[in-house]
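Q: Need the 3D shape of this:
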Amino acid sequence: MPPPVKKRIAAVALLLLAIVAVSLGYWWSRRHIETTDDAYVTSDISVMAAKVPGYVTSVEVADNQPVKKGDILIRLESRDYEAKRDQAQAQAQARRLALAQIEAKLNLQDAQIRQAGAEVTAAAADTLRAKNDLERAQILVKNEFASRQKLDQSQADSQRTAAQLNRAKAGADAAKRQTNVLDAEMATARALSDEADAQLELAQIDLENTVIRAPIDGVAANRSAQLGEYVRAGSQLLSIVPLDKVWIEANFKETQLTRMKPGQSVDIKIDAFPDQHLQGKVESIAPASGAKFSLLPPENATGNFTKVVQRVPVRISLPLDSPLKGRIAPGLSAVVKVDTLSLP
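A: Residues are numbered from 1 along each chain as shown. Have a look, this model is predicted:
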């Protein structure tokens, strides 16, 4: 073989060895990097739905309009709910007045019980006096110091005062029993008053629900409510997307999770912004594969079995000071690279 040919072969061999060495070195230096392009931006999108049925009287926002927490989004017809609120207010007032009336009766009954007690005391004193008079009259008649008529009068007085005492005791007992009746009526009236107050609160809540407000800061989207439209309770009207609170959900193969842990740094590239690289962190790893959360999870215990590499969702946070904050919309695709040696 001529020397020039040998030199060319040696040069090619050296070049191949260099390429192999560089490739092996690159692979060795990057062996701890786990990459996937099955990654998407996501967020907790709030779907606004009607809590009460009614006609839409005004729509205060348009699609893609930024809103703040508490801003009015949609108004529903409220006249029916105002009337129900007023009715509930009147009912609650009537129940409170009935309760106050029974309280007044109880106060009056307390006075009557005290009066009945005083009458019992007076009757007992008269009975004791008449008894003593009768005993003295009996002694005087026995010793012939008083007439039989005096004895008969004393006996009549004793019987009369005894009857008055029994009547006074019966009246006191009746007054106490009437108090028990009023106490039962009071408990019933208080329960009815509480029920009326609860009905008033429900009516007030329904009235407040005719005004639909934004629960979070974000951007209004997917608006379906139209002016004059009748909506039912639970009808979806629009969505609020919080663009400042988004994260990446990356679906890694199960074989890529061996050394992956929360806290590891992640290089993120959003497809919509190819010139921007963001640094995030692994927040958490799902406790099950995506297939287990699907509508029809696979059942490998039946039929023929074909092993398929499963993917597991991994949540990756975005930096709070990202230059793309507010521009990264849920649903955008991304490519993520997790450095499995970057534990803090």
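Q: quick one: residue 80 from residue 53, how far?
A: Look at residue 80 and residue 53: by Cβ to Cβ, to the nearest Å, they are 10 Å apart. Every C-beta, even on glycine, is put in place using the N, C-alpha and C of the backbone.
Q: no no, residue 246
A: Taking Cβ to Cβ, one finds residue 246 at 34 Å from residue 53.
Q: ok, now residue 342?
A: 54 Å.
Q: for residue 266, same thing?
A: Using Cβ to Cβ, residue 266 is found at 46 Å from residue 53.
Q: Considering only helices and strands, which part of the chain has the lowest mean pLDDT?
A: None of the helices or strands of the chain scores lower by mean pLDDT, DSSP states H and E than helix 3-29, at a mean of 59.
Q: Name the next helix or strand following it along the chain.
A: Counting by DSSP states H and E, the element after helix 3-29 in chain order, helix or strand, is strand 33-43.
Q: So for that following strand, what gets flagged as buried?
A: Within strand 33-43, the residues scored as buried using 16 or more other Cβ atoms under 10 Å are 34, 36, 38-39, 41, 43.
Q: What's the mean pLDDT across it?
A: In this model, strand 33-43 carries a mean pLDDT of 93.
Q: Likewise for stretch 66-73?
A: 94.
Q: what's the first-to-last distance across that stretch?
A: 11 Å (Cα to Cα, to the nearest Å).
Q: who's in contact with it?
A: 48, 59-61, 211-220, 237-238, 240 (Cβ atoms under 8 Å, 6 or more residues apart in numbering).
Q: Out of the residues you listed, which end up buried?
A: For the contacts of stretch 66-73, buried by 16+ other Cβ under 10 Å: 48, 59-61, 212-214, 216-220, 237-238, 240.
Q: out of those, which one sits closest to residue 74?
A: Set against residue 74, the nearest of these by Cβ to Cβ is residue 212 (4.4 Å).
Q: how about the closest one, what does it touch?
A: Here residue 212 is in contact with 48, 50, 72-76, 237 (criterion: Cβ under 8 Å, 6+ apart).
Q: right, and out of the residues you listed, which lies closest to residue 307?
A: Nearest to residue 307 among the contacts of residue 212, with distances taken as Cβ to Cβ, is residue 48, at 43.8 Å.
Q: and whichever helix or strand that closest one is part of, average pLDDT?
A: Using DSSP H and E, residue 48 falls within strand 46-49. Confidence over strand 46-49 (mean pLDDT, whole number) is 93.
Q: For that strand, which strands pair with it and how are they oriented?
A: With DSSP bridges as the test, strand 46-49 is paired with strand 236-241 (antiparallel).
Q: Contacts for the partner strand next, please.
A: Contacts of strand 236-241 (Cβ under 8 Å, 6+ apart): 43, 45-50, 61, 67, 73-74, 212, 214-216, 218-225, 231, 329-330.
Q: Can you report the mean pLDDT over the residues of that strand?
A: Strand 236-241 comes out at a mean pLDDT of 93.
Q: and after that strand, which helix or strand comes next?
A: strand 246-253.
Q: which helices and strands sit right next to the next helix or strand after that following strand?
A: Downstream of strand 246-253, the first helix or strand assigned by DSSP H and E is strand 265-270. Applying 3 or more Cβ pairs under 8 Å, 6 or more residues apart in numbering; DSSP states H and E, one finds that strand 265-270 contacts strand 277-285, strand 333-339.
Q: Could you measure from residue 192 over to residue 257?
A: From residue 192 to residue 257 the distance is 62 Å (Cβ to Cβ).
Q: can you pull the pLDDT of residue 172?
A: 62.
Q: re the thing from before, where strands are concerned, which of the buried ones among the contacts of stretch 66-73 count?
A: Using DSSP state E, the members of the buried ones among the contacts of stretch 66-73 that fall in strands are 48, 59, 212-213, 218-220, 237-238, 240.
Q: in stretch 325-344, what's buried?
A: 328, 330, 332, 334-340.
Q: what's in contact with that stretch?
A: With Cβ under 8 Å, 6+ apart as the criterion, stretch 325-344 contacts 32-37, 39-43, 45, 241, 243-244, 246, 248, 250, 252, 259-261, 263-273, 280, 282, 314, 316, 318, 322.
Q: swap in stretch 283-295?
A: Against stretch 283-295 from outside (Cβ under 8 Å, 6+ apart): 247, 251, 254, 257, 260-262, 297-298, 310-317.
Q: change it to 6 Å
A: 262, 298, 310-315, 317 (Cβ atoms under 6 Å, 6 or more residues apart in numbering).
Q: if I look at the residue nearest to residue 231 when sequence neighbours are not counted, how far off is residue 88?
A: Closest residue in space to residue 231, ignoring its immediate chain neighbours: residue 50 at 4.6 Å, by Cβ to Cβ, 6 or more residues apart in numbering. If you measure residue 50 against residue 88 using Cβ to Cβ, the figure is 21 Å.
Q: Return the mean pLDDT over the helix or strand containing residue 96, rounded to an integer.
A: Element membership of residue 96, judged by DSSP H and E, is helix 79-142. Per-residue pLDDT values across helix 79-142 average out to 73.
Q: repeat for stretch 255-274
A: Per-residue scores along stretch 255-274 average to 91.
Q: give the contact list for residue 46.
A: Residue 46 neighbours (Cβ under 6 Å, 6+ apart): 215-216, 240.
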